[in-house]
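Engineer: This is the structure alone, sequence omitted:
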């Protein structure tokens, strides 16, 4: 598990590779917004999908320190982004699907050969493997 404390809007980059597969995930806050990325390490670090997490201007806790974690399922096929212990985004690599709590529009342009386009609508079922069902 990769874990770090940060302030939204203050440029942070956290990466964590799957323990059981050729995948990786990283979180990036570029000072304006936070995004969560799914990566295939066997395809020259091909970005498979991107999930919006927050826009700094509208983040309710942007002035407070937060805890960020990237956790993986035991089989290395799913990962979740936790902020202050609450799941905000999930990638299911086997299903080629991402889920985000953020109501932001999709900004990542799909390319041929990567995951099908989805609306990234949140589902509590996507985090059942975590054993928690907290709302963010």
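Structural biologist: That came through, no problem. Every value quoted in this text rests on a predicted model; they were computed, and no experiment measured them. Numbering: from 1, shown residues only.

Engineer: Now do the contacts for residue 83.
Structural biologist: By C-beta atoms under 8 Å, 6 or more residues apart in numbering, residue 83 lies in contact with 53, 66, 67, 68, 136. No exception for glycine: its C-beta is placed from N, CA and C like everyone else's.

Engineer: Look up how far residue 36 lies from the second one.
Structural biologist: Here residue 66 is placed at a distance of 14 Å from residue 36 (C-beta to C-beta, to the nearest Å).

Engineer: any idea of the mean pLDDT in stretch 69-86?
Structural biologist: Per-region confidence: stretch 69-86 scores 95 on mean pLDDT.

Engineer: Residue 8 contacts residue 66, correct?
Structural biologist: Yes - under the criterion of C-beta atoms under 8 Å, residue 8 makes contact with residue 66 at 6.6 Å.

Engineer: confidence score at the spatially most central residue of the chain?
Structural biologist: The centroid of the chain falls nearest to residue 36 when counting by C-alpha atoms, centre = their mean (3.5 Å). In this model, residue 36 is scored at 95, pLDDT.
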